[in-house]
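> Structure for the following, please:
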Amino acid sequence: MIIALIAVGFVVLCFILLYNNLVGKKNQVATAFSSIDVLLKKRFDLIPNLTQMVKRYMKHEADVLTRVTEMRSKSLSGNMTDAETVAMDRQVSSALGQIMVAVENYPDLKASENFINLQASLNEVEEQISAARRAYNASVKDYNNALEMFPSNIVAGFMRYERKVFFEIDAREKQPVDIGQILNM
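As a prediction, this is how the structure comes out:
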């Protein structure tokens, strides 16, 4: 009888430890995602300034500016899932890259001190987003591993925890946009 109680107590203790570990990993992912979310909002706060400044020069790139503005509005609505936020980040990064590449055709814009300062701010935010993505992806890796490894996979299945998505970018976007090079052209 005592051995049975000890065995049950051991199983309950293991369940509690595994449960707490999974909850900690889930919360770590949520915290890392929150950091990215804050930085994405910071990026989106820079977009109106960028679009207003660039609109004066770029008549032909108006569709890209319109898309970026629409993506900003959708993102700020707060009704997006984690997966939709990841997809939106990819789209915004691509559109901002297109804008920055198009800037090279406008020497007056490239020379504008306000634009240079805005580019520096945007570069800083992009670097922070990149670092936050790495931290998030590390948390997601630990969390997803815990969901798949025995015996925590049993507890995770019982709790109905699901895998989280990584922040990934398209292969063509893996090369950073070198704003300095664009400015020197």
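> C-alpha only now, for contacts and for neighbours.
Noted.
> Flag the shaky bits of the protein, pLDDT-wise.
Low-confidence segments of the chain (pLDDT under 70): 57-61, 169-185.
> Quick check, central residue of it?
With distances taken as Cα atoms, centre = their mean, the residue of the chain nearest its centroid is I36 (4.9 Å).
> Give me the three-state assignment for that residue.
Under DSSP: H, G, I helix; E, B strand; the rest coil, I36 falls in the helix class.
> measure the nearest residue to it once chain neighbours are set aside to F115 for me?
In space, and not counting its chain neighbours, I36 is closest to A132: 5.6 Å by Cα to Cα, 6 or more residues apart in numbering. Distance from A132 to F115, counting by Cα to Cα, to the nearest Å: 25 Å.
> in terms of contact, does the residue nearest to I36 touch V29 like I think?
No: using Cα atoms under 8 Å, A132 makes no contact with V29, being 11.2 Å away.
> circling back to that earlier point, more neighbours, A132 and F115?
A direct count of neighbours by other Cα atoms under 10 Å for A132 and F115 places A132 higher, at 21 against 17.
> Show me which residues of the one helix or strand that one maps to are buried.
Assigned by DSSP states H and E, A132 belongs to helix 113-148. Residues of helix 113-148 classed as buried: 115-116, 118-119, 122-123, 125-126, 128-129, 132-144, 146-147 (neighbour count, 16 or more other Cα atoms under 10 Å).
> likewise stretch 81-96?
In terms of neighbour count (16+ other Cα under 10 Å), stretch 81-96 has its buried residues at D82, T85, V86, M88, D89, R90, Q91, V92, S93, S94, A95, L96.
> thought the fourth one was touching R72?
This points to M88. No: using Cα under 8 Å, M88 is not in contact with R72, being 9.1 Å away.
> overlap in contacts of these two?
By Cα atoms under 8 Å, 6 or more residues apart in numbering, M88 and R72 have no common neighbours.
> R72 versus T85, what's the distance?
Relative to R72, T85 is positioned 11 Å away (Cα to Cα).
> same check, this time on G97
G97 is 15 Å from R72, by Cα to Cα.
> who has more neighbours, these two?
More neighbours surround R72 than the other of G97 and R72, with 20 against 17 (other Cα under 10 Å).
> which phi and psi does the nearest residue to that one once chain neighbours are set aside have?
Leaving out its chain neighbours, the residue that sits closest to R72 by Cα to Cα, 6+ apart is F44, at 5.8 Å. Dihedral angles of F44 (phi, psi; degrees, to the nearest 10) stand at phi -60, psi -30.
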